[in-house]
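# Okay, sequence plus prediction incoming.
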Amino acid sequence: DSGVTQTPKHLITATGQRVTLRCSPRSGDLSVYWYQQSLDQGLQFLIQYYNGEERAKGNILERFSAQQFPDLHSELNLSSLELGDSALYFCASSPRTSQNIQYFGAGTRLSVL
Amino acid sequence: GQNIDQPTEMTATEGAIVQINCTYQTSGFNGLFWYQQHAGEAPTFLSYNVLDGLEEKGRFSSFLSRSKGYSYLLLKELQMKDSASYLCAVTPGGSYIPTFGRGTSLIVHP
């Protein structure tokens, strides 16, 4: 158990819908990272937050947005869902003393039908 | 940009040794990671190399050559539970954001 908690574990929804994925980082970690992993793309970085502020942005679509709250949990919002958004979404956090090392949550498996 | 190459799939026998290679081209270099990921599960951290040379941790060792843009993960005394995908990831200069390779699927058979 990495200490990073993600909910829900599974999500099934329809095209055009909107969903919210939730992540609680390890106790004491200020950084949260979101990744998307699909079969044909590998693990792709989406966005990073540090202590409530956006720190880095990767290949995140405009239909996707995220935020980190004062209690440091983070949410990833996916809207106008398409079939191609079906993937595993991982959240990771890193310790202040070693920000290079990331600890991953168990992921949310999103299926868009 | 970043480019990371690793073999798609490897097979090995229980009890044997296997070496998984990774080559990379990045703009600057901060560090190289290896992660293990079982199917449908989270990647788990295995090793982190910043300087050239071999880092040993139990049955797993990781090697880095920055001048060659090359790393390998060595797994000894293979066990069936080592069947998993092994992800090589590199953080470029001035960044904490790793770029991941597509992963090497290792199949360990009896």
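Good, I have the coordinates. Keep in mind that this is a model prediction, so the values were computed, not measured.
# Tell me the buried residues in stretch A:1-9?
The neighbour-count check on stretch A:1-9 (16 or more other C-beta atoms under 10 Å in any protein chain shown) flags A:2, A:4, A:6 as buried. In short, each C-beta sits where N, CA and C put it, glycine included.
# One more: stretch A:97-111?
So, applying 16+ other C-beta under 10 Å, buried residues of stretch A:97-111: A:100, A:102-110.
# With stretch B:95-108 instead?
By neighbour count on 16+ other C-beta under 10 Å, the buried set for stretch B:95-108 is B:95-106, B:108.
# how many other residues sit next to residue 64?
Using chain A. Neighbour count for A:Phe64, taken as other C-beta atoms under 10 Å in any protein chain shown: 19.
# looking at chain B here, not the other one
Around B:Leu64 there are 22 residues (other C-beta under 10 Å).
# wait, doesn't it sit right on B:Asn49?
Yes. Here B:Leu64 reaches B:Asn49: they are 3.8 Å apart, a contact under C-beta atoms under 8 Å.
# Identify the contacts common to those two.
Counting by C-beta atoms under 8 Å, 6 or more residues apart in numbering or on different chains, the shared contacts of B:Leu64 and B:Asn49 are B:32, B:55, B:71.
# roughly how far apart are A:Leu72 and chain B?
For A:Leu72, the distance to chain B (C-beta to the nearest C-beta, to the nearest Å) stands at 17 Å.
# Nearest residue to the residue positioned nearest the centre of chain A in space, ignoring adjacent ones along the chain?
Closest to where the C-alpha atoms of chain A average out (C-alpha atoms, centre = their mean) is A:Trp34, at 3.3 Å. Using C-beta to C-beta, 6 or more residues apart in numbering or on different chains and skipping the chain neighbours, the partner closest in space to A:Trp34 is A:Leu46 (4.3 Å).
# which residues are contacting the helix or strand hosting that neighbour?
Using DSSP states H and E, A:Leu46 sits within strand A:42-50. Around strand A:42-50, the neighbours that count as contacts under C-beta under 8 Å, 6+ apart are A:30-38, A:54-60, A:64, A:66-68, A:74, A:76, A:90, B:43, B:87, B:89, B:96-103.
# pull the CA atoms of stretch A:65-73 into PDB?
Provided in PDB are the C-alpha atoms of stretch A:65-73 (Å, rounded to 0.1, in the frame of the first residue of the first chain):
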ATOM      1  CA  SER A  65      -9.300  20.000 -15.500                       C
ATOM      2  CA  ALA A  66      -8.000  19.400 -12.000                       C
ATOM      3  CA  GLN A  67      -7.600  21.200  -8.700                       C
ATOM      4  CA  GLN A  68      -5.900  20.600  -5.300                       C
ATOM      5  CA  PHE A  69      -7.800  21.600  -2.200                       C
ATOM      6  CA  PRO A  70      -6.500  23.100   1.100                       C
ATOM      7  CA  ASP A  71      -6.500  19.700   2.700                       C
ATOM      8  CA  LEU A  72      -4.300  18.600  -0.200                       C
ATOM      9  CA  HIS A  73      -6.600  16.100  -1.800                       C
END
